[in-house]
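K.L.:
what would the 3D arrangement of this be:
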Amino acid sequence: MEIQLPAWEERHNETAEVKRARLVYESRKRGMLENCILLSLFAKKYLATMTESQLSQYDRLINQPSNDWDIYYWATGAQDPPELFNNEVMKLLKEFAKNRGMEQRLRQPDLEYLFSETK
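P.N.:
Take a look at the predicted model:
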């Protein structure tokens with residue numbers, strides 16, 4: 001039995017600062033550890049410098065699909081993302097997931113550090 005989630009709706013009344021703070025939290029609190037680590041580290045690196053358009057793309061990406069495995073498969077290249085999510089943020093995420101710098105990515109970054117970067 002699958003639990004139906006409410007449909008995603010973009011929040012137009014948020015400031016960029018509030019949206020970044022919410023996306024930091026939502027990047028960390030996923031349904032699976034792999035995405036908690038991948039998305040929280042991605043957020044640490046990119047959220048502070050994302051444009052409004054990119055923030056909206058990222059918000060839609062992490063909040064519209066109901067299955068975290070889909071996001072993981074798209075980010076790692078195991079599956080092609082649907083056209084809706086095949087955008088500049090997905091390209092950044094796919095490149096980030098390749099971990100070309102061979103960084104140790106075993107845990108989420110400290111929350112205080114993430115918030116200090118988004119202000």
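
K.L.:
where does pLDDT dip in this protein?
P.N.:
The chain contains residues with pLDDT under 70 at 5, 112-119.

K.L.:
point to the residue nearest the middle of it.
P.N.:
For the chain, the residue nearest the mean C-alpha position is residue 39 (4.6 Å; C-alpha atoms, centre = their mean).

K.L.:
could you check how far it is from residue 1?
P.N.:
26 Å (C-beta to C-beta, to the nearest Å). C-betas here are computed from N, CA, C, even on glycine.

K.L.:
ok, the residue in the chain sticking out farthest from the centre to residue 30 distance?
P.N.:
In the chain, counting by C-alpha atoms, centre = their mean, residue 1 sits farthest out from the average C-alpha position, at 26.1 Å. Distance, residue 1 to residue 30, using C-beta to C-beta: 21 Å.

K.L.:
likewise residue 64?
P.N.:
Distance from residue 64 to residue 30, by C-beta to C-beta: 14 Å.

K.L.:
how about residue 10?
P.N.:
Counting by C-beta to C-beta - residue 10 and residue 30 are separated by 20 Å.

K.L.:
give me the more crowded residue out of these two.
P.N.:
residue 30 (18 against 13; other C-beta atoms under 10 Å).

K.L.:
that one touches residue 68, doesn't it?
P.N.:
Yes - counting by C-beta atoms under 8 Å, residue 30 does reach residue 68; the two are 5.5 Å apart.

K.L.:
tell me where this protein has helices.
P.N.:
With DSSP state H as the criterion, the chain has helices at 16-28, 33-46, 52-63, 68-76, 88-98, 111-118.

K.L.:
tell me which of these sits most buried.
P.N.:
helix 33-46 (a mean of 19; mean count of other C-beta atoms under 10 Å).

K.L.:
so that one versus helix 68-76, what angle?
P.N.:
On the basis of axes from the mean of the first three to the mean of the last three C-alpha atoms, to 10 degrees, helix 33-46 is oriented at 50 degrees to helix 68-76.

K.L.:
report all helices and strands that helix 33-46 contacts.
P.N.:
Counting contacts by 3 or more C-beta pairs under 8 Å, 6 or more residues apart in numbering; DSSP states H and E, helix 33-46 packs against helix 16-28, helix 68-76, helix 88-98, helix 111-118.
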